[in-house]
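K.L.:
how would this look folded up:
(one chain, ligands or ions: 2)
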Amino acid sequence: MQDKPRIAVPHIAVIGAGAWGIALACAASRSGARVTLWSRSPVPEGNRILPRLPGVVLPEGVSVTSSLPVQADLTLVAVPMQTLREMAPKLRGTSPLVACCKGLERDTGKLPLDILGEFHPDRPLAVLSGPNFAIEVAQGAPAAATIAATSLDQARSHVGLLSSPSFRLYASDDPTGVQIAGAAKNVIAIGAGIAMGAGYGENARAALITRAIVEIGRLSDALGGRAATIAGLSGVGDLILTCTGVGSRNYSLGYALGGGAKLADILAARNTVAEGVATAPALAESARRLAISMPITETVAAFLAGSLDLDEAHRQILHRPTTTE
Ligand SMILES: NC(=O)C1=CN([C@@H]2O[C@H](COP(=O)(O)OP(=O)(O)OC[C@H]3O[C@@H](n4cnc5c(N)ncnc54)[C@H](O)[C@@H]3O)[C@@H](O)[C@H]2O)C=CC1
Ligand SMILES: O=C(CO)COP(=O)(O)O
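P.N.:
Ligands and ions are numbered 1, 2, ... in the order given. Got it, this is the predicted structure:
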């Protein structure tokens, strides 16, 4: 009798044991992969519950390490955006790298794949982004996201490795649009939170989200992204989630600001990342450099920097000359 062909179980590394890294490790395990989750702080042997998502027990197929590099078939990088440059050179190996963080580097305005590309010019690179609260993904509730790479075949192959019935992935060959959308939605979520916290109401929030789609589209277009991407999961999908879901850290930060809290006090009381705070000035600078009009982004960045108060921010948005849609 002939032996059955052996199908190798893929090995997926997840770098970063924050909320999103833990959720991705759970999702990757559900896709049938063997998973290694890298945590910056050592995790005692046998610990299946990690501090960032306390209600979640890591599945059997996930092992935790605090050593690098992790050799795998695919590496998901889920560290905060402002730590990506520090992490990137440590990710030695040949596996494709998938950036799972959302934002722009504060000091350079660079996108996640620009940074990974500086250190890994010969490695396949991709980005994963979409409307995904970590806790729901970790629990296996239905969710969808986009994986984008310059090669659609490469994106499809990552989708094949990571998809499961509860985590539905779509392949795209527009990594620029996906990264711009994922970065910008956090800034807009802060704006939506400010509007709601200040009591401007649901009409104001809906208008802000809709006009944000237009301004994000302008920037993405100028950088070579596609309009359809901004209408997709990483764009409109994530704006809907993050600008309306009270579980969003960016939205709740904005909400507290709109209610009169001070940014420094909000940040001091948190140990989780709200990427929009560092991305806002970088995004506003990119728009200025490219002469792209992004009035909502500009206003959120100025408000966060303390150069506008709430009344001035309100005026800056609403007293602009009327235009066409
Ligand atoms: N939490 C969520 O629902 C989602 C988060 N993301 C993105 O994932 C990225 C990571 O966010 P979270 O996992 O939520 O972060 P988190 O707020 O849960 O925690 C950040 C984690 O990064 C670690 N960290 C801090 N400095 C580090 C460094 N220098 N090197 C390595 N690790 C460091 C911390 O120890 C902590 O474990 C962000 O870009 C976020 O936008 C994307 C989708 C969903
Ligand atoms: O990216 C996210 C949802 O898609 C998480 O949003 P927050 O970082 O605002 O919590």
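K.L.:
secondary structure element for V127?
P.N.:
In this structure, V127 sits in strand 125-129 according to DSSP states H and E.
K.L.:
likewise G21?
P.N.:
Assigned by DSSP H and E, G21 falls in helix 19-30.
K.L.:
wait, does that helix contact ligand 2?
P.N.:
No: using CB under 6 Å from any ligand atom, helix 19-30 never reaches ligand 2; the gap is at least 7.6 Å. Using the backbone N, CA and C atoms, a C-beta is placed for each residue, glycine as well.
K.L.:
Same question for stretch 293-305.
P.N.:
No: counting by CB under 6 Å from any ligand atom, ligand 2 has no neighbours in stretch 293-305; the shortest distance is 13.5 Å.
K.L.:
That stretch: how far from the chain's middle?
P.N.:
Centroid separation for stretch 293-305 versus its chain: 20 Å, with CA atoms, centre = their mean, to the nearest Å.
K.L.:
Can you name the residues in contact with it?
P.N.:
184, 187-188, 190-191, 194, 208, 211-212, 215-216, 218-219, 254, 257, 263, 276-277, 280-281, 283-284, 287, 308-310, 313, 316-317, 320 (CB atoms under 8 Å, 6 or more residues apart in numbering).
K.L.:
can you check stretch 132-145 too?
P.N.:
Contacts of stretch 132-145 (CB under 8 Å, 6+ apart): 19-20, 22-24, 26-27, 30, 53, 55-56, 128-131, 166-170, 233-234, 237-238, 241, 245, 247-248.
K.L.:
7 Å instead, please
P.N.:
Contact with stretch 132-145 is made by 19-20, 22-23, 26-27, 30, 53, 56, 128-130, 166-170, 233, 245, 247, as judged by CB atoms under 7 Å, 6 or more residues apart in numbering.
K.L.:
follow-up on the earlier one: sheet partners, orientation included, of the strand holding V127?
P.N.:
strand 97-99 (parallel), strand 143-148 (antiparallel) (DSSP bridges).
K.L.:
Go through those and name the closest to ligand 2.
P.N.:
Of all these, it is strand 143-148 that lies closest to ligand 2, at 8.4 Å by CB to the nearest ligand atom.
K.L.:
Please name every helix or strand in contact with the next helix or strand along the chain from that closest one.
P.N.:
Remark: after strand 143-148, the chain's next helix or strand is helix 152-162, criterion DSSP H and E. The contact analysis (3 or more CB pairs under 7 Å, 6 or more residues apart in numbering; DSSP states H and E) places helix 152-162 against strand 125-129, strand 143-148, strand 167-172.
K.L.:
Please identify the most buried of these.
P.N.:
Counting by mean count of other CB atoms under 10 Å, strand 125-129 has the highest mean neighbour count of the helices and strands packed on helix 152-162, with a mean of 27.
K.L.:
Could you report the separation of A256 from L308?
P.N.:
Using CB to CB, to the nearest Å, we find A256 at a distance of 17 Å from L308.
K.L.:
Up against ligand 2, what does the stretch 151-300 of the chain have?
P.N.:
Neighbours of ligand 2 within the stretch 151-300 of the chain, by CB under 6 Å from any ligand atom: 186, 189, 238, 241-242, 248-250, 275.
K.L.:
now swap in the stretch 1-150 of the chain and tell me
P.N.:
102, 131-133.
K.L.:
Among those residues, name the ones in strands.
P.N.:
In this view, those have no member that belongs to strands under DSSP state E.
K.L.:
which ones among those residues are found in helices?
P.N.:
Judged by DSSP state H, helices contain none of those.
K.L.:
what would the helices and strands packed on helix 152-162 look like in a markdown table with distance to S39 and mean pLDDT?
P.N.:
Listed next are the helices and strands packed on helix 152-162 as a markdown table, based on distance: least, CB to CB, whole Å; pLDDT from 0 to 100:
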| stretch | distance to S39 | mean pLDDT |
| --- | --- | --- |
| strand 125-129 | 19 | 99 |
| strand 143-148 | 22 | 98 |
| strand 167-172 | 21 | 98 |
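K.L.:
which two from the residues of the stretch 151-300 of the chain next to ligand 2 end up farthest apart in space?
P.N.:
By the measure CB to CB, L241 and E275 form the most distant pair in those, at 14.2 Å.
K.L.:
ok, back up a step: just the buried residues of the contacts of stretch 293-305.
P.N.:
184, 187-188, 190-191, 194, 208, 212, 215-216, 219, 254, 257, 263, 276-277, 280-281, 283-284, 287, 308, 310, 313, 316-317 (16 or more other CB atoms under 10 Å).
K.L.:
What is the burial count for N203?
P.N.:
Neighbours of N203 under the rule other CB atoms under 10 Å: 9.
K.L.:
so it is in which element?
P.N.:
Using DSSP H and E, N203 maps to helix 202-222.
K.L.:
which stretch among the helices and strands packed on helix 152-162 comes nearest ligand 1?
P.N.:
Proximity to ligand 1 (CB to the nearest ligand atom) singles out strand 125-129 among the helices and strands packed on helix 152-162, at 7.2 Å.
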